[in-house]
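> Sharing a model prediction with you, sequence too.
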Amino acid sequence: MHDIFLIRHSITKGNLKKCYIGTTDEPLCEEGILLLKQIKQCRQPEKADHVYVSPLKRCIETAKWLYPDLPLTVEEELRECHFGRFENKNYRDLEDDEEYQKWIDSNGTLPFPGGEDPKAFKERSIRAFLKIVKEEKKEKIAFVIHGGTIMSIMEALIQPSKNFYEWYVKNGCGYHLKEENGKFYLIEKID
């Protein structure tokens, strides 16, 4: 049995510009640091025994702010999706791009040109998450990861089922889950 906290990393410059920031390894920006200070003052980070993070700076920095006294385990497979040609661009940059329009029309199911297939990304995220939960002996586990990674996990494992995009969370927010005998239950949304 585990208590699991899925926390989205804090704010980066790319997030402020509403860009597709997948594998771009940018650090937190000033607003991201301020958000973490507010979280620590207002709601105190969720208690955990162990923290797993994506290998990207924004997740590692967020985890170090929220859990300065806990060991971090970097899990490569928890990284965000590679957005290919859309990487580091926002919808305004891409509004005249035919491939972008096709991707939008597919409701995000087409592979990113020069990037990762969303289905493969979701499978990778879920596989890594389940492996960690199965092997982790500590009761309270925090994951400081990406929005897309969180949405993939929630869409696949939580009932009643919701669409991928309905599981969106803002930076610094996430979900508290309970795992019992391989089944996952939503306890609360963390805002």
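In hand now; what should we look at? On a predicted model such as this, the values are computed, not experimentally measured, just so you know. Numbers count the residues shown, from 1 in each chain.
> Do a quick rundown of the strands in the chain.
Along the chain, counting by DSSP state E, strands occupy 2-8, 50-53, 72-74, 140-145, 174-180, 183-190.
> and of these, who's closest to Gly84?
strand 140-145 (20.3 Å; CB to CB). Using the backbone N, CA and C atoms, a C-beta is placed for each residue, glycine as well.
> what is the mean pLDDT for that closest one?
For strand 140-145, the mean per-residue pLDDT is 97.
> Let me see the contact set for the residue lying closest to Tyr165 once chain neighbours are set aside.
Nearest non-adjacent residue to Tyr165, counting by CB to CB, 6 or more residues apart in numbering: Met151, 7.0 Å away. By CB atoms under 8 Å, 6 or more residues apart in numbering, the contact set of Met151 is 164-165, 167-168.
> Please apply the same query to Lys189.
169, 173-176.
> ok, what's across the strand from it?
Beta-bridge pairing of Lys189 under DSSP bridges involves Tyr175.
> and the residue nearest to the spatial centre of the chain, how far is that from Gln159?
Centroid-nearest residue in the chain: His146, 2.0 Å away (criterion: CA atoms, centre = their mean). Distance of His146 to Gln159, computed by CB to CB, to the nearest Å: 23 Å.
> in this protein, which spans are helices?
13-16, 30-42, 57-66, 91-94, 98-105, 118-135, 147-157 (DSSP state H).
> Ile4: which of those helices is closest?
The closest of these to Ile4 is helix 118-135. By CB to CB, the value is 6.9 Å.
> The closest one - contacts with which helices or strands?
strand 140-145, helix 147-157 (3 or more CB pairs under 8 Å, 6 or more residues apart in numbering; DSSP states H and E).
> Figure out how far the last one is from the centre of its chain.
Spelled out, that is helix 147-157. Chain-centre distance of helix 147-157: 8 Å, with CA atoms, centre = their mean, to the nearest Å.
> Please save the CA atoms from it in CSV.
Provided in CSV are the C-alpha atoms of helix 147-157 (Å, rounded to 0.1, in the frame of the first residue of the first chain):
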residue,chain,number,x,y,z
GLY,A,147,2.1,17.7,-16.8
GLY,A,148,1.9,15.2,-19.7
THR,A,149,3.4,12.4,-17.6
ILE,A,150,0.8,13.0,-14.9
MET,A,151,-2.1,13.2,-17.4
SER,A,152,-0.9,9.9,-18.9
ILE,A,153,-0.8,8.1,-15.5
MET,A,154,-4.2,9.5,-14.4
GLU,A,155,-5.9,8.7,-17.7
ALA,A,156,-4.7,5.0,-17.6
LEU,A,157,-5.1,4.2,-14.0
